[in-house]
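> quick one, fold the following:
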Amino acid sequence: MNPSKRARRNDMLNSHNLYQYLIIFIFIFLATIFQSQAQAPTQFNYQAVLRDGNGQVMANEYQTIQVDILKDSPTGQSIFTEIHEVTTSAHGAINLIVGSGVSLSGIPWHTGDYYLQIRVDDKILGTSPLLSVPYALHANTAERLTGTLAENDPVFSASVSAGITATDTAYWNNKPDSLSESDPWYSSSVAAGITGVDTTYWNKKLDVEADSSVTNEIQYLSVSGDTIHLSGGNSVRLPPAFAGTNTDEQQLGISNDTIFLSHGGAVKLPRAEHYPGELYGGGIVFWVDHTGRHGLIASLDDLNGEEGAAWSNMTTTTIGEAAKDYFDGSGNTTAIINQEGHINSAAKLCADYTGGGYTDWYLPSLFELKQMNNALLTIYQVLTNDNDDTTNPVAWKYVDPTYGYYWSSDEYSYNTAWYFNFYNGYSNGLNKSSTYRVRAVRAF
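I've put the predicted structure just below:
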């Protein structure tokens with residue numbers, strides 16, 4: 001090489017600003033990559049134009065160029081290095097065939113991102129990501145897959161699908177178009193007479209529970225003229241268009257609050273909706289569910305007057321989980337009364353109560369008392385203004401002797417039980433021998 005040219009090149013390579021020496025951002029990875037016998041390429045072209053610090057083309061100059069492929073990041077580990085000695089063209093261009101000196105076949109292209117780094121005389125001149133070339137090289141690995149692949153998916157191996165064979169699939173398109181019933185047991189049964197017409201009434205079945213508050217446990221329907229008669233004494237008038245078109249022998253069904261008629265019509269059942277504060281079912285309603293037909297009723301007065309009662313005469317023996325359900329006061333009440341050695345308790349006061357003629361009263365659970373607290377204002381207004389001296393709202397004032405405390409049916413420990421304070425909405429456990437107020441509830 002001309003000594004003056006080599007000196008000029010070295011001076012520029014030692015410059016602090018390498019980009020004044022070399023402007024290489026013409027990365028051209030050509031599609032004309034070397035290949036043989038239609039296989040995926042194992043080499044690729046790299047072209048660039050070299051310029052000096054003044055932007056002048058470095059024509060016809062000898063250069064030593066190092067190519068590195070870095071893994072995962074522009075500063076990652078070099079997993080491929082190749083040295084190229086080239087002479088620039090009259091226009092300063094260089095053309096490298098990457099992979100011509102060192103094979104690219106050992107690079108695991110599918111395991112991460114890769115970057116191409118160019119050095120001239122150990123000076124880094126640029127790093128750029130490799131994009132499409134690794135995918136073309138990785139495709140070559142598909143040609144080397146031979147033999148049998150082992151199934152390693154434990155979910156598939158444990159499934160029914162793992163046992164399907166080519167023999168099984170031969171039957172998929174040869175299924176029978178029709179079958180003849182040859183089972184004598186089935187043929188002689190009632191089921192053999194069920195037709196498609198019959199099934200249309202299956203979803204119009206009698207829904208006893210959903211409509212029990214309206215029809216008093218509906219047991220049957222009958223039709224006369226323009227009236228549908230329901231068990232329990234209720235009746236519903238038919239729409240004029242359907243009057244006289246239904247008979248007892250024809251199919252009728254009830255779903256929720258609707259009567260379905262045999263000719264396609266439908267009639268809404270009369271629906272009784274309840275509300276907090278209603279005097280109903282022997283007491284006062286303090287909670288209803290989303291249907292308005294089911295809820296909880298509190299007795300119209302405390303069962304023990306102002307003196308209160310002990311939670312139970314069994315004050316040092318635990319009942320256990322059977323009396324610790326915060327939602328089921330009825331179940332708790334039964335567990336308290338059934339405890340061995342039990343004689344009297346707040347729960348028994350409720351179970352023996354027959355207000356309104358009902359016998360299903362019980363000592364409320366802790367959360368049922370909290371729900372009663374939510375309706376405290378309504379209960380107070382109704383029972384204070386009903387002109388009945390025998391009814392009284394919940395005693396919420398913090399005064400002796402009970403301080404607004406009411407027993408729940410939930411056991412706290414072997415010698416304590418949960419109470420609820422209507423004065424401040426607070427609850428805690430106190431000795432079972434303590435005497436606090438008792439108000440019964442029942443569900444409807």
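> and the one helix or strand residue 63 maps to, average pLDDT?
In the assignment (DSSP states H and E), residue 63 maps to strand 62-71. Throughout strand 62-71, pLDDT has a mean value of 90.
> likewise stretch 391-407?
86.
> next, the buried residues of it.
Using 16 or more other CB atoms under 10 Å as the test for burial, stretch 391-407 gives 391-396, 402-407. Yep, even glycine has a C-beta here, placed from its N, CA and C like the rest.
> likewise for stretch 114-130?
114-120, 125-127, 130.
> quick check, residue 408 in contact with residue 371.
No - assessed by CB atoms under 8 Å, residue 408 is found out of contact with residue 371, at 11.6 Å.
> which of the two has more residues huddled nearby?
Ranked by neighbour count (other CB atoms under 10 Å), residue 408 and residue 371 place residue 408 first, with 26 against 19.
> can I get the helix or strand where the more buried one lies in PDB? Just the C-alpha atoms.
Taking DSSP H and E as the criterion, residue 408 maps to strand 405-411. What follows is strand 405-411, C-alpha atoms only, in PDB (Å, rounded to 0.1, in the frame of the first residue of the first chain):
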ATOM      1  CA  TYR A 405     -77.600  -5.900  73.400                       C
ATOM      2  CA  TYR A 406     -79.400  -8.800  71.600                       C
ATOM      3  CA  TRP A 407     -78.200 -12.400  71.500                       C
ATOM      4  CA  SER A 408     -77.400 -14.100  68.200                       C
ATOM      5  CA  SER A 409     -77.500 -17.800  67.800                       C
ATOM      6  CA  ASP A 410     -73.700 -18.000  67.000                       C
ATOM      7  CA  GLU A 411     -71.400 -19.500  69.500                       C
END
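> ok, then the element right after that strand?
For strand 405-411, the succeeding helix or strand toward the C-terminus, using DSSP H and E, is strand 416-421.
> report the central residue of this structure.
The residue lying closest to the centre of the chain (CA atoms, centre = their mean) is residue 155, at 22.5 Å.
> quick one: contacts of the strand or helix carrying that one?
Element membership of residue 155, judged by DSSP H and E, is helix 154-157. For helix 154-157, the surrounding residues in contact (CB atoms under 8 Å, 6 or more residues apart in numbering) are 151, 162.
> off-centre distance for that helix?
Computed by CA atoms, centre = their mean, to the nearest Å, the chain-centroid distance of helix 154-157 equals 25 Å.
> kindly report the same for stretch 379-396.
Taking CA atoms, centre = their mean, one finds the center of stretch 379-396 at 45 Å from the center of the full chain.
> now it - C-alpha only, CSV.
Only the C-alpha atoms of stretch 379-396 are listed here, as CSV (Å, rounded to 0.1, in the frame of the first residue of the first chain):
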residue,chain,number,x,y,z
ILE,A,379,-89.1,-1.2,62.2
TYR,A,380,-89.1,1.7,64.6
GLN,A,381,-91.5,3.8,62.6
VAL,A,382,-94.0,1.0,61.9
LEU,A,383,-94.1,-0.5,65.4
THR,A,384,-94.2,2.8,67.1
ASN,A,385,-97.1,4.1,65.1
ASP,A,386,-99.3,1.0,64.8
ASN,A,387,-101.4,2.0,67.8
ASP,A,388,-100.7,-1.4,69.4
ASP,A,389,-99.2,-1.5,72.9
THR,A,390,-98.2,-5.2,72.5
THR,A,391,-95.8,-4.4,69.7
ASN,A,392,-92.4,-2.7,70.3
PRO,A,393,-89.5,-1.7,68.1
VAL,A,394,-86.0,-3.1,68.7
ALA,A,395,-84.5,-1.7,71.9
TRP,A,396,-81.6,0.3,70.6
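> quick one: contacts for the nearest residue to residue 441 once chain neighbours are set aside?
Leaving aside its sequence neighbours, residue 441 sits nearest to residue 364 (CB to CB, 6 or more residues apart in numbering; 4.5 Å). Listed by CB under 8 Å, 6+ apart, the contact set of residue 364 reads 296, 298, 329, 372, 408-409, 439-441.
> lowest average confidence, helix or strand, in the protein?
None of the helices or strands of the chain scores lower by mean pLDDT, DSSP states H and E than helix 212-215, at a mean of 38.
> contacts for the strand holding residue 408 next, please.
Here strand 405-411 makes contact (CB under 8 Å, 6+ apart) with 308-309, 311, 318-320, 323-326, 329, 332-333, 336, 346-347, 362-366, 368-369, 394, 417-422, 427, 430, 436-439.
> just the ones of those in helices?
Counted as lying in helices by DSSP state H, out of the contacts of strand 405-411, are 329, 332-333, 336, 346-347, 366, 368-369.
> the nearest residue to residue 74 once chain neighbours are set aside bridge partners, please.
Sequence neighbours aside, residue 127 is the residue nearest to residue 74 in space, at 4.5 Å (criterion: CB to CB, 6+ apart). Beta-bridge partners recorded for residue 127 (DSSP bridges): residue 117.
> these two touch, right, residue 127 and residue 73?
No - using CB under 8 Å, residue 127 makes no contact with residue 73, being 9.5 Å away.
> ok, which stretches of the stretch 51-200 of the chain are strands?
Assigned by DSSP state E, counting those that start in this stretch, the stretch 51-200 of the chain shows strands spanning 62-71, 78-87, 93-98, 114-120, 123-129.
> these into TSV, with extra columns for distance to residue 280?
Shown next, in TSV, are the strands of the stretch 51-200 of the chain (distance: least, CB to CB, whole Å):
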stretch	distance to residue 280
strand 62-71	78
strand 78-87	83
strand 93-98	90
strand 114-120	79
strand 123-129	77
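> those strands: lowest mean pLDDT?
Lowest mean pLDDT of those: strand 123-129, a mean of 84.
> which residues does the residue nearest to residue 66 when sequence neighbours are not counted contact?
Nearest residue to residue 66 in three dimensions, chain neighbours excluded: residue 119, at 4.1 Å (CB to CB, 6+ apart). Neighbouring residues of residue 119 by CB under 8 Å, 6+ apart: 65-68, 125.
> next one: residue 393 from residue 346, what distance?
19 Å (CB to CB, to the nearest Å).
> cool, residue 408 as well?
Distance, residue 408 to residue 346, by CB to CB: 9 Å.
> what's the answer for residue 153, then?
From residue 153 across to residue 346, the span is 61 Å (CB to CB).
> for these two, indicate the residue with more neighbours.
Just comparing residue 153 and residue 346: by other CB under 10 Å the higher neighbour count belongs to residue 346, 29 against 9.
> pretty sure residue 366 sits against residue 429.
No - taking contacts as CB under 8 Å, residue 366 lies outside contact range of residue 429: 10.2 Å.
> state the distance from residue 405 to residue 309.
To residue 309, residue 405 is 12 Å away according to CB to CB.
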